[in-house]
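[1] build me a model:
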Amino acid sequence: SGSSQVFSQGRQCGSTQDTLLSTSTLDMDRKKRPRLVNSSLDSGVFSTSSPDNTLPRRRKEVTRRNSHELQKSNSSTSVESQAALRPTHASLFSRRLSKLSTGHLYSQVLQPKFPKPLYFEVPQCHPSTLSGRQWLFHEMREHLSSHLPTNRGVILAGGPGVGKTACILAMVERSCFGGGKPSLIEEVPVSTSSSSIPPSSGENLSLVSSHVVAYHFCQADNAPTCLLPEFVHSISAQMSQAPQLSPYFQLLQSDQTIQARLSLASCNASPSQSLVTGILEPLNTLSSTGKIPASMCIIVVDGLCEAEQHRPDHGDTLASFIARHLQLFPSWLKIVCTVRSSMLHICRVMPFHQISLDNTEADERLNKDLSDYIACRIKVTAETQLSNKMKKNMATKLTRYLVSKACGSFLYVKQILDYIEKGFLVVKAGSFKVLPENLSEIYQLAFNLKFSSSESFNQVSAIFSISLASLQPINLHELFNIFSALFIKTEVGWKDFQERYHLISEFLVMRRDGSVMCFHPTLRDWLVRRREGESTKFLCDIHTGHEAIALSMIRQSKILKPEKVLILTHHILKSNIYKNIGQDIHFAHRELQAYFVSLATDDISLALGCTRNIFSPISKVSRLLLLSG
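    Residues are numbered from 1 along each chain as shown. Modelled structure (predicted):
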């Protein structure tokens, strides 16, 4: 994986979850979002504004033609015409609901704003290099520019830690969104040798990256990045910022109808219609009239398997959504996506060229990349313990051993070499029995070194649980407030809490916007579940995290907004609160949960009828809301 990379360009397994955004996407269009994300529980999606030290926008501001005339015409719209716009079933809900939900939806469609991209950041505790892979970018470029039937896209498949995200980060970094700077390869501290990356590698990478017009990183612990409305809205904004598609920007700027199609309200109502009428049809029209040259453009999407963890009760996931609309894409608009090998079946209907990054038995290029990376590490750290205590023949044996155990995983090799460098692992007499054999054993070793007893881990386990249960990354102050909700009286002060976080800061990495996130998806998976036969030590109870978030929300002094009630209901269901309350209580746990929800709002129908629940309902959430009313 690459180093901590931020792409804020206004421009940043397979189990069903009751996932909902943290606030109204309607309010997000209405209000200007702050530069920093201060409250993930109070924001529908990440702010597309960026911290001061992030990459600049390609276009700082986007003007809208005739915006004053549009607002004037909307303000003069009669009450009767607004009532005619309301759906016939609005009478099923309260009058207040129609005004706040349905009417607000149409007001957003009638008063469109220019699309704003999501904020993306891939957290890493330490920067690392993208070693080798020149063959990959060459193969990608050759295939996408060919006339083969699978030239519509490329799928990078591989196990966890093989470098799928690092490849996508390298492409985005060298694209127009990253300023075209080859920082991910040539400016990393791990590998500074000019021979480690042949010139052809940078050349192929630059050629492919120059065609990137949009990017998207799916992150399971950042729910908005896995949802279809946000995906369509975000890539439309990025495509309008790409220099290759400047005619699309001009069309979007001047056509209020297309802007309305791409508003978050419209994307929530019908992501498919927004994609077709707001992006694909305009691009096809511009291409057919010669305004856009029919040269290759690429959309990169990382982690389709991550989006599967937010599979809706009804409708498409991101992978099936792309596959269903692929035939409507212009022939020159290509897709490069990544997916774990174990989840490759979700891409089976995509007629794309597949490149495996973990089939080391059939592709010797993968083993060579790993060998070159290990050699580079040993060469660069010539003054460290790694090379001082290791003879040349032992280094050769270690390289062979790590390559055979890694199965293409750079993350595994990097972690092993890091622990050898730090002296936590000592290789003696050519015996490698002391070395962990997989990522699970590496994490077990790391936590054993960090926590001497189960009691010491219990001091921070709730912090892990809250971070894992949250629908979006949250900052330390929010994390502290939610953590404190587990106690009737505050038992842990702010300074003590900061010390506890500092103990695990290498695992829960602080991003540049102040929020924290697990440094790699494999750590998140390891903390939540283990394979059969593996130790359950350091396993986190994610129910505790859901319970803490629910308690924190219900104890707020103000009445929760409808969208917040959906979030609260989600966490109540996930926490299983009151489920084991005992037999002496004459109420079922579901009734107690419903009463819990009813305390958060004056009108349950507002939550039932909000935009998110109308167009993307979660059955269990809706049932509990109905019971609460």
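[2] can you count the residues close to S342?
    A count of neighbours around S342, defined by other Cβ atoms under 10 Å, yields 12. (Glycine included, C-beta is placed from N, CA and C.)
[3] over to L344?
    L344: 16 neighbours (other Cβ under 10 Å).
[4] residue nearest the middle of the chain, spatially speaking?
    Geometric centre of the chain, nearest residue: Q219, 2.3 Å, by Cα atoms, centre = their mean.
[5] quick check: that one vs K558, distance?
    30 Å (Cβ to Cβ, to the nearest Å).
[6] ok, the residue nearest to the centre of the chain - contacts?
    Neighbour list for Q219: T225, C226, G303, E306, M517, P521 [criterion: Cβ atoms under 8 Å, 6 or more residues apart in numbering].
[7] so the first one, which of the three states?
    Of the three states, T225 takes helix under DSSP: H, G, I helix; E, B strand; the rest coil.
[8] counting neighbours, what do you get for it?
    Residues within reach of T225, counting by other Cβ under 10 Å, total 27.
[9] buried set for stretch 481-500?
    If you call a residue buried by 16 or more other Cβ atoms under 10 Å, then stretch 481-500 has these buried ones: N481, I482, F483, S484, A485, L486, V492, F497, R500.
[10] ah, wrong one, I meant stretch 499-516
    Within stretch 499-516, the residues scored as buried using 16+ other Cβ under 10 Å are 500-501, 503-504, 507-516.
[11] again, but for stretch 284-298
    Using 16+ other Cβ under 10 Å as the test for burial, stretch 284-298 gives N284, L286, S287, I292, M296, C297, I298.
[12] could you find the closest non-adjacent residue to R141?
    If the residues on either side of it in the chain are set aside, R141 comes closest to V208, at 5.0 Å by Cβ to Cβ, 6 or more residues apart in numbering.
[13] neighbours of the one you found, how many?
    27.
[14] over to it. Which of the three states is it?
    helix.
[15] I'd guessed it sits against E139; true?
    No - between V208 and E139 there is no contact under Cβ atoms under 8 Å: 10.2 Å.
[16] redo the buried residues of stretch 284-298 as JSON lines? Include pLDDT and secondary structure.
    Putting the buried residues of stretch 284-298 into JSON lines (pLDDT from 0 to 100; DSSP: H, G, I helix; E, B strand; the rest coil) gives the following:
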{"residue": "N284", "pLDDT": "95", "secondary structure": "helix"}
{"residue": "L286", "pLDDT": "95", "secondary structure": "helix"}
{"residue": "S287", "pLDDT": "94", "secondary structure": "helix"}
{"residue": "I292", "pLDDT": "91", "secondary structure": "coil"}
{"residue": "M296", "pLDDT": "94", "secondary structure": "coil"}
{"residue": "C297", "pLDDT": "96", "secondary structure": "strand"}
{"residue": "I298", "pLDDT": "97", "secondary structure": "strand"}
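[17] what's the lengthiest strand in the chain in contact with?
    Ordering each strand of the chain by length in residues (DSSP state E) puts strand 333-340 first. The contact list for strand 333-340 (Cβ under 8 Å, 6+ apart) reads 13, 140, 144, 151-160, 164-165, 167-168, 171, 211, 283, 296-305, 319, 322, 326, 329, 346-347, 350, 352.
[18] next: stretch 591-601.
    550, 553-554, 559-560, 562, 564-565, 568-569, 572-573, 577-578, 581, 585, 604, 607, 624-625, 627-629.
[19] off-centre distance for stretch 333-341?
    Put simply, stretch 333-341 sits 15 Å off its chain's centre (Cα atoms, centre = their mean, to the nearest Å).
[20] over to stretch 524-544?
    Put simply, stretch 524-544 sits 22 Å off its chain's centre (Cα atoms, centre = their mean).
[21] so for that stretch, mean pLDDT?
    The predicted model assigns stretch 524-544 a mean pLDDT of 93.
[22] tell me which element S452 falls in.
    Secondary structure from DSSP states H and E places S452 outside every helix and strand.
[23] so what pLDDT did the residue nearest to P271 when sequence neighbours are not counted get?
    Using Cβ to Cβ, 6+ apart and skipping the chain neighbours, the partner closest in space to P271 is L228 (4.0 Å). On the pLDDT scale, L228 is placed at 96.
[24] you'd agree L228 is up against D316?
    Yes - in this structure, L228 is within contact of D316 by Cβ under 8 Å, at 6.6 Å.
[25] comparing these two, which residue is more hemmed in?
    Per other Cβ under 10 Å, whichever of L228 and D316 has more neighbours is L228, with 25 against 16.
[26] for that one, which residues are in contact?
    By Cβ under 8 Å, 6+ apart, the contact set of L228 is C267, P271, G315, D316, L318, F321.
[27] look up phi and psi at it.
    phi -60, psi -50 (degrees, to the nearest 10).
[28] for V300, same thing?
    Dihedral angles of V300 (phi, psi; degrees, to the nearest 10) stand at phi -110, psi 130.
[29] distance-wise, check it relative to L486.
    Distance, V300 to L486, using Cβ to Cβ: 40 Å.
[30] what segments of the stretch 501-629 of the chain are helices?
    521-528, 542-554, 562-575, 589-598, 604-608, 611-615, 619-628 (DSSP state H, counting those that start in this stretch).
[31] which of the contacts of strand 333-340 are buried?
    Buried subset of those (neighbour count, 16+ other Cβ under 10 Å): 140, 144, 151-160, 164-165, 167-168, 171, 211, 283, 296-305, 319, 322, 326, 329, 346-347, 350, 352.
[32] in strands, which of these fall?
    G153, V154, I155, L156, A157, G158, C297, I298, I299, V300, V301, D302.
[33] isn't the first one up against Q354?
    No - the pair G153 and Q354 does not pass the contact test of Cβ under 8 Å, sitting 9.9 Å apart.
[34] all strands of this protein, in order?
    In the chain, the strands defined using DSSP E lie at 5-7, 120-122, 153-158, 212-217, 297-302, 333-340, 353-356, 474-475, 508-510, 515-518.
[35] so can I have TSV of those strands showing distance to R531?
    Putting those into TSV (distance: least, Cβ to Cβ, whole Å) gives the following:
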stretch	distance to R531
strand 5-7	30
strand 120-122	26
strand 153-158	19
strand 212-217	27
strand 297-302	25
strand 333-340	15
strand 353-356	23
strand 474-475	29
strand 508-510	23
strand 515-518	18
